[in-house]
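Engineer: Build me a model from this:
(2 chains)
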Amino acid sequence: MTTPTRHAELAERLRDRVENAGVLDPGLRAACVRIGAGADAEIAAAHRELAATIAESSHRVTDAQVAAVREALGSDRAAFEVIMAASAGAGLRRWDAAMRAIREASDAVG
Amino acid sequence: MRLAEVERGDSIRHRLLIRLISRFAGYRLPDAARLAFYDKGFAGPALGEWTQKAMRDPGPWSVSERELMAAVVASWNSCPFCVGAHGAIAVRGVDPELVSAAIADFRTAPISDRLRAALVFLERMTKEPDRLSAADARTALDAGLTPRELEDAAAVAAVFAIITRNANALDYEIPTAEEFDKAAGMLLRRGYA
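Structural biologist: Modelled structure (predicted):
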């Protein structure tokens, strides 16, 4: 087994905040997390395009993509939550994959 | 910065703080710090807490090694802000030429074998997360890393998967080399939370 650390707790705290805090509709935020993690979700095209670009190649995000989501949602805060949710989805997907790999490798030895 | 409210602050207190810190420091407060002040009711504090643990808690990797990992992950994620910011901290404890070499190609850079083994794992985690497997972890463990070392390194890559995406999506303004150096001192003193 891997040595217990608090990374796992902090990852779950972040996941919980992204899913359950904020001003954005929780369903939309959860969809952005899924898209950030490489899955798909049926949401408005502008939100979907921004979240998918953040997931796959965030350096290609454009002013127009962010402005379109900002205009559709009506506030900087809501647009920021789309961005943070997609980013967190990408990070937590990688964290989950890493923990699974380390756990399986450690269990095989232990 | 693509969202004006993040740049200027979302409360009178935060707006004043941003102005005061910028004036005191003598340079524009970097966008990463402005983001840390923003929307405190949402996910930022949880991300800051995890980042603080990943980058500053006592552990098997030195602060400079973790900052170097962050800069290399940022280069894979094409994030010039984070490469500059975290490279500037790494050089406070590691030869600057080594930092540049590792960012250019960690496989040939004159870094320790354990750091190279960790970066092999982090590269697949970052670029091909669906292909990351127990075999990748086993390769790192066989190279001499402990599960704890590998988990701590993975935490750095996980938080920088998030931080780099936020930076790119919001189009952080890129400070000068001198400003990166000043900000590095602040991050070493104050941390991330």
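Engineer: Give the burial count for the spatially closest residue to B:Asn77 that is not a sequence neighbour, as a bare number.
Structural biologist: Leaving aside its chain neighbours, B:Asn77 sits nearest to B:Thr164 (4.0 Å; criterion: CB to CB, 6 or more residues apart in numbering or on different chains). In this view, the C-beta of every residue, glycine as well, is placed from N, C-alpha and C. Using other CB atoms under 10 Å in any protein chain shown, B:Thr164 has 30 other residues around it.
Engineer: ok, then the element right after the helix or strand hosting B:Thr164?
Structural biologist: Using DSSP states H and E, B:Thr164 falls within helix B:147-170. For helix B:147-170, the following helix or strand on the C-terminal side (DSSP H and E) is helix B:177-190.
Engineer: ok, now how distant is the residue most central in space within chain B from chain A?
Structural biologist: What sits nearest the mean C-alpha location of chain B, by CA atoms, centre = their mean, is B:Ala70, with 4.1 Å. From B:Ala70 over to chain A the distance is 13 Å, taken as CB to the nearest CB, to the nearest Å.
Engineer: residue boundaries of the helices in the chain?
Structural biologist: Defaulting to chain A. Applying DSSP state H to chain A gives helices spanning A:7-20, A:26-36, A:45-57, A:63-73, A:76-109.
Engineer: switch to chain B, that's the one I care about
Structural biologist: Under DSSP H, chain B gives helices at B:4-8, B:12-25, B:31-37, B:44-56, B:63-76, B:80-90, B:96-105, B:113-127, B:134-142, B:147-170, B:177-190.
Engineer: Report how many residues lie close to B:Gly41.
Structural biologist: By other CB under 10 Å, the residues close to B:Gly41 number 12.
Engineer: Excluding chain neighbours, what is closest to it?
Structural biologist: Using CB to CB, 6+ apart, the closest residue to B:Gly41 is A:Ala21 (6.1 Å).
Engineer: can you check B:Gln52 too?
Structural biologist: B:Ala193 (3.8 Å).
Engineer: if I pick the one you found, what's in contact with it?
Structural biologist: By CB atoms under 8 Å, 6 or more residues apart in numbering or on different chains, the residues touching B:Ala193 are B:Pro45, B:Gly48, B:Glu49, B:Thr51, B:Gln52.
Engineer: ok, now B:Ala143?
Structural biologist: So B:Ala143 contacts B:Asp113, B:Arg114, B:Ala117 (CB under 8 Å, 6+ apart).
Engineer: Pull up the gap between it and chain A, please.
Structural biologist: For B:Ala143 relative to chain A (CB to the nearest CB), the value is 12 Å.
Engineer: What angle do helix B:12-25 and the lowest-mean-pLDDT helix or strand in chain B make with each other?
Structural biologist: Counting by mean pLDDT, DSSP states H and E, chain B has its least confident helix or strand at helix B:177-190, which shows a mean of 89. Using axes from the mean of the first three to the mean of the last three CA atoms, to 10 degrees, one finds that helix B:177-190 and helix B:12-25 are set 120 degrees apart in direction.
Engineer: And for helix B:177-190, what's in contact with it?
Structural biologist: Against helix B:177-190 from outside (CB under 8 Å, 6+ apart): B:25-28, B:30, B:33, B:63, B:84-85, B:87-89, B:91-92, B:175.
Engineer: between these, which is closest to B:Glu128?
Structural biologist: B:Gly87 (24.0 Å; CB to CB).
Engineer: nearest residue to that closest one other than its sequence neighbours?
Structural biologist: B:Ala71 (4.3 Å).
Engineer: Tell me how many other residues crowd that neighbour.
Structural biologist: Neighbourhood size, B:Ala71 [other CB under 10 Å]: 25.
Engineer: Thanks a lot, catch you later.
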